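# Here is the input, now give the coordinates:
(2 chains)
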Amino acid sequence: MADTGAERITTGQAVAARLWNSRWLLAAGFVAVTAVYGFAGMSAYVVLAALALLLAAALLPTGRAIRSTESAAAIEASGLQRLSGEYLAAAVADPLIIFDRTAIIVHANAAAFAAFGGIAPGLSLSLKFRAPEMQALLDGVLSGTVASDAVDYTEKLPVERAYRVSASSVGHATDLYVLVFKDQSETRRIDRMRADFIANASHELRTPLASISGFIETLRGPARNDPAAREQFLQIMQSQTGRMARLIDDLLSLSRLEMKPYLKPGTEVDLRQTIDSVIDSLGPLARENSVVIERDYAQGPLDVPGDRDELFQVFENLLENACKYGQPGGRVTVSIARGEAGPEPGFDVTIRDYGPGIPEEHIPRITERFYRVDVESSRTQKGTGLGLSIVKHILTRHNARLSIKSEVGKGAAFTVHLPAR
Amino acid sequence: MQSVHIVSAYDEELKYLSKRIAAMGGHAERMVEQAIQALVNADPGLAQKVIRDDIVLDEGQREIDDKAIVIIAKRQPMATDLREIVGAIRISADLERVGDLGKNVAKRVVSVIDGRQPTSLFRGLEALAELALTQLKEVLDVYASRSVEKIGFVRDRDDQIDAMYTSLFRELLTYMMEDPRNITPCTHLLFCAKNIERIGDHATNIAETIYYIVTGEQLPAERPKGDKTDQVALQAALPVK
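Residues are numbered from 1 along each chain as shown, chains lettered A, B, ... in the order given. So this is what the prediction gives:
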């Protein structure tokens, strides 16, 4: 690609000037081409695309060639070329950041904003990506020791993501560099999921399995001819297998959540409609536990960005817990309020029960997997110890927070803070 | 690139300081992350690596100190610049401490390995570390973006970290009471939890320094000391059989 550029410059001063005038288009072109090259690896198409871009860059301004150089400069200053560069960056689906030789961000496309948040032009890249390998990558490319380089970069928080990051300089003497992130979280997550699933499943399924095998032994031995005991043991065995089935369901649903990449932007969820349908679906459970569900919604539209099915699961898990563990209180309040107090505007959905409450020392930890405040009551309520960790996981993906307030004897309030767009 | 000072080398020096701080921050984050990973996965090899890496942070702090003193001597900085330089000295000291705490967690990995501790303890430590690391990451992100209006979250999360630490403290005490053989590994884990909680405190310190650098004002001093472990010892001593 570089050879072709050099060839063209020797053909005449005019072409060189045109190329200079269209350096933004060229820069953006190289960005797009590098990106395509990085992802598809189709070298024939890359060369073709580069040639086409060069031709376009050299020929496009011909209509204006008769004009003086001042007007050409004016056109350049109008930002037209700059705009087209941004459009090209926007057309790339992966996060892409253009930066200058002091590692200051010049432009970042929408995918980069969605993935990393808060990367405004003018921010220093080496301050934002602090991991040692990223620092080495930036230093290497900016000092000119290598023309382009790539490293594997993993972000642990808030959601684990793995990228193959490549950095390279753009064009000739543009003083611009580009950073392209190729998301590899999927493969990484599948590996992690398998390991986690096996660890969790083997640990949590061992208890019910041990009890079932114990009962089978008894049924074949001492209780062989005791119909009453047999009936009782079979009952226990059935409830244990039921527990194992629920556990596997919850583990699968958690693993599925962990496998999905971060949330796709753009979809809106109507909180009022979602929560109403959650309440409808839990009607039978509430009646069974003789709990009344009260609603208290704020006025006006209650739309938040998010995934409807996932938010449905959040409120279903929370309301189900409230109905089960807050049963002595006899009522559960669901309220939606506009949260103006926090750093960013959003909605606060509170699910409050009036049951026995949660002791203070357990509150910070109840969203951990398999953490149970009271093993016995969790067993009788058919809990798996995974409901709240599913809730937490979904909320992290939504940039939302869960806060829990409770006083022993007065009930518990679970508040979900969902940021508005 | 618009220059703030007439001598552009001065700008370069200030930029170099913040770049070094960011690099130190990245190293500190990585060290703590790997120390916890080594602890949870019982991986002494990774722990050794963390212990070796600490020297990078020590060197970073020394370099920042030297550079900052030289800048003060050469340029006689005023106002924002002076705050920036003094802030850099303070932040690098905090980050160096974070590295030391991470190293201390890594050192304890070997002593914890042979005891068979319940997984819920390690989940708790992981969750605590996740909170502290999120705190550190967000604070360093604010250092990059200078958007101090977001700094309110820091104290919120500090409370969460304290509550989590108190809960872990309680759980560890019960394990120790159940079986004296647990005392050795549980004491080490207790120190690990304490170290992680301290990392959160250092992150809060850094947040306060950043607020000072950007606004020239101190954050109000009402920082409630939320961890209630001093009371836990009394309560937990009661149910001994």
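# domain parsing for chain A?
A:1-88, A:93-183, A:185-261, A:263-421 (automatic domain parsing).
# how far does the shortest one sit from the chain's center?
Distance of domain A:185-261 from the chain centroid (Cα atoms, centre = their mean, to the nearest Å) equals 30 Å.
# Excluding chain neighbours, what is closest to the closest residue to chain A within chain B?
The nearest approach of chain B to chain A comes at residue B:26, 3.0 Å away (Cβ to the nearest Cβ). Glycine gets a C-beta too; all of them are placed from N, C-alpha and C. Sequence neighbours aside, residue A:130 is the residue nearest to residue B:26 in space, at 3.0 Å (criterion: Cβ to Cβ, 6 or more residues apart in numbering or on different chains).
# what helix or strand is the one you found on?
Assigned by DSSP states H and E, residue A:130 falls within no helix or strand.
# Please look at it and residue B:25 and confirm they touch.
Yes - judged on Cβ atoms under 8 Å, residue A:130 makes contact with residue B:25 at a distance of 4.9 Å.
# These two: which is more packed in?
Between residue A:130 and residue B:25, counting by other Cβ atoms under 10 Å in any protein chain shown, residue B:25 is the more crowded of the two (28 against 24).
# Identify the residues contacting the closest residue to chain B within the stretch 51-200 of chain A.
When scored by Cβ to the nearest Cβ, the stretch 51-200 of chain A has residue A:130 as its residue closest to chain B, at 3.0 Å. Listed by Cβ atoms under 8 Å, 6 or more residues apart in numbering or on different chains, the contact partners of residue A:130 are B:22, B:23, B:25, B:26, B:29, B:140.
# For the third one, which non-adjacent residue is closest in space?
This means residue B:25. Distance criterion Cβ to Cβ, 6+ apart; nearest residue to residue B:25, sequence neighbours excluded, is residue B:140 at 4.3 Å.
# Now the host helix or strand of the one you found: buried residues?
In the assignment (DSSP H and E), residue B:140 maps to helix B:119-145. Buried residues in helix B:119-145, counted by 16 or more other Cβ atoms under 10 Å in any protein chain shown: B:121-145.
# Just the mean pLDDT for that helix, thanks.
Here helix B:119-145 scores 88 as its mean pLDDT.
# For chain A, which residues are neighbours of chain B?
Within reach of chain B by Cβ under 8 Å from any Cβ of the partner chain, chain A has these residues: A:100, A:102-104, A:118, A:120, A:123-124, A:126-132, A:134-135, A:156-158, A:203, A:343, A:360-365, A:367-371.
# In strands, which of those residues appear?
Within the residues of chain A next to chain B, residues falling in strands by DSSP state E are residue A:100.
# quick revisit: isn't the residue of chain B closest to chain A right up against residue A:127?
No - counting by Cβ under 8 Å, residue B:26 stays clear of residue A:127, with 9.6 Å between them.
# Close to chain A: what parts of chain B are there?
Applying Cβ under 8 Å from any Cβ, one finds that chain B approaches chain A through B:1, B:15, B:18-19, B:22-23, B:25-27, B:29-30, B:33, B:119-120, B:123-124, B:127, B:130, B:133-134, B:137, B:140-141, B:143-145, B:147, B:149-150, B:152-153, B:160, B:163-164, B:166-167, B:170.
# which residues does residue A:347 bridge with?
Applying DSSP bridges to residue A:347 gives these bridge partners: residue A:338, residue A:418.
# OK, contacts around it?
Neighbour list for residue A:347: A:271, A:298, A:302, A:304, A:336, A:337, A:338, A:339, A:417, A:418, A:420 [criterion: Cβ under 8 Å, 6+ apart].
# could you redo those as TSV and give each row neighbour count and pLDDT?
Listed next are these as TSV, based on neighbours: other Cβ atoms under 10 Å in any protein chain shown; pLDDT from 0 to 100:
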residue	neighbour count	pLDDT
A:271	22	89
A:298	15	85
A:302	21	84
A:304	19	86
A:336	19	90
A:337	14	88
A:338	14	84
A:339	18	76
A:417	20	88
A:418	23	87
A:420	13	80
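# Out of the contacts of residue A:130, list just those in helices.
Residues of the contacts of residue A:130 located in helices (DSSP state H): B:22, B:23, B:25, B:26, B:29, B:140.
# pLDDT below threshold where in the chain?
No chain was given, so I picked chain A. For chain A, the stretches flagged by pLDDT under 70 are A:1-17, A:29, A:32-33, A:35-51, A:53-84, A:172-173, A:193, A:259-266, A:340-344, A:421.
# my question was about chain B
B:1-4, B:115-117, B:221-227, B:231-241.
# So which residues of it form helices?
Remark: helices assigned in chain B by DSSP H are B:8-40, B:44-75, B:79-113, B:119-145, B:152-178, B:183-215, B:229-237.
# For residue A:387, give me its contacts.
Counting by Cβ under 8 Å, 6+ apart, residue A:387 has contacts A:250, A:317, A:320, A:321.
# if we take those residues, which one ends up nearest to residue A:90?
Residue A:90 has its nearest neighbour among the contacts of residue A:387 in residue A:317, at 37.6 Å by Cβ to Cβ.
# Can you point out the helix or strand that includes that closest one?
Residue A:317 belongs to helix A:308-325 when assigned by DSSP H and E.
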